[in-house]
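Visitor: let me see the structure of the following:
(2 chains)
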Amino acid sequence: MAERALYIPVILGTVRKGRLSANAARLMTDELSKRPAVETELIDIATLQLRTDDAGEAIKDPNFAARMDRADALVIVSPEYNHGYSGMLKHVLDSCLQEYIHKAVGIAGVSAGRYGGTRGIQDLLPVMRELGLVTIFWDANFSHAHKLFGSEGKPLDNSLLPLIDKFLKELIWMARTLRYGRESISLD
Amino acid sequence: MSAAKMMCPFCGSEMNHHADKLTYSSPEEPGYNPLFDGSIEEFHKCPACGASASRLVLN
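Guide: Next up, the predicted model:
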């Protein structure tokens, strides 16, 4: 039986107007879509319309939850705002739990400065663990995001691609390994 | 751990138990286990179709 394709969506983790992270998220989605036996799509959290008068699984969006359940791994594109990640990203991630368990996650940080969202990534790591996600140890860092992409949102050069390649290779390895574990290795 | 193997609700195959999640709760709630001061939910994955399912461990 042929192995099922991996499903690895990219979550654009900000709703801010004019967000440069959208360019990074599209690039990650484009690069993932070139990989054999990988299906991907861009999930823009601004389109989810989650309520803000409650939180957690009480506000679960069935469509988002179904995509998280189907996912073998996630790419989270997370801009750094005031040295942290977006509050709306946390609001969305907290709406699911069992859908994430023992699945791989890679984080792409985005910032206007030189650190490429590193501080936001560091803050996200313990959140990933509590959600049951398994982090890879490659990050993708988009530093000086306003200088990386042209007016059409395409990268100005190919300098990001080697890093993204390393990131995706590890993520796909982890996704395949964890899928095998979820389906075939028992706790008991 | 629950005694019976979980069967896939979609394709009927035997599922794999791959994770347990502790939720802190109180003694009057279903599945409360004083050893953990909470309840354990089991997570299962179907090797045939990839479906997920979970169940509360009842004492």
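
Visitor: look up how far chain B lies from the residue nearest the centre of chain A.
Guide: Residue closest to the average C-alpha location in chain A (Cα atoms, centre = their mean): A:I76, at 1.8 Å. Going from A:I76 to chain B by Cβ to the nearest Cβ, to the nearest Å gives 20 Å. Any C-beta I mention is one placed from the backbone N, CA and C, and that applies to glycine too.

Visitor: does that residue touch A:L125 like I think?
Guide: No - taking contacts as Cβ atoms under 8 Å, A:I76 lies outside contact range of A:L125: 11.0 Å.

Visitor: counting neighbours, what do you get for the closest residue to A:S86 other than its chain neighbours?
Guide: Nearest non-adjacent residue to A:S86, counting by Cβ to Cβ, 6 or more residues apart in numbering or on different chains: A:T14, 4.7 Å away. A count of nearby residues for A:T14, using other Cβ atoms under 10 Å in any protein chain shown, gives 24.

Visitor: wait, what's in contact with A:T14?
Guide: Residues near A:T14 by Cβ atoms under 8 Å, 6 or more residues apart in numbering or on different chains: A:S21, A:I45, A:A46, A:S78, A:P79, A:Y81, A:S86, A:M88, A:L89.

Visitor: quick check, it in a strand?
Guide: No - according to DSSP: H, G, I helix; E, B strand; the rest coil, A:T14 belongs to no strand; its state is coil.

Visitor: which of the contacts of A:T14 count as buried?
Guide: The neighbour-count test (16 or more other Cβ atoms under 10 Å in any protein chain shown) marks A:S21, A:I45, A:S78, A:P79, A:S86, A:M88, A:L89 as buried among the contacts of A:T14.

Visitor: and which of these is nearest B:S13?
Guide: Proximity of the buried ones among the contacts of A:T14 to B:S13 (Cβ to Cβ) peaks at A:I45, which lies at 34.2 Å.

Visitor: so for the longest helix seen in chain A, mean pLDDT?
Guide: The residue-count maximum for a helix in chain A (DSSP state H) belongs to helix A:161-184. The pLDDT scores in helix A:161-184 average 97.
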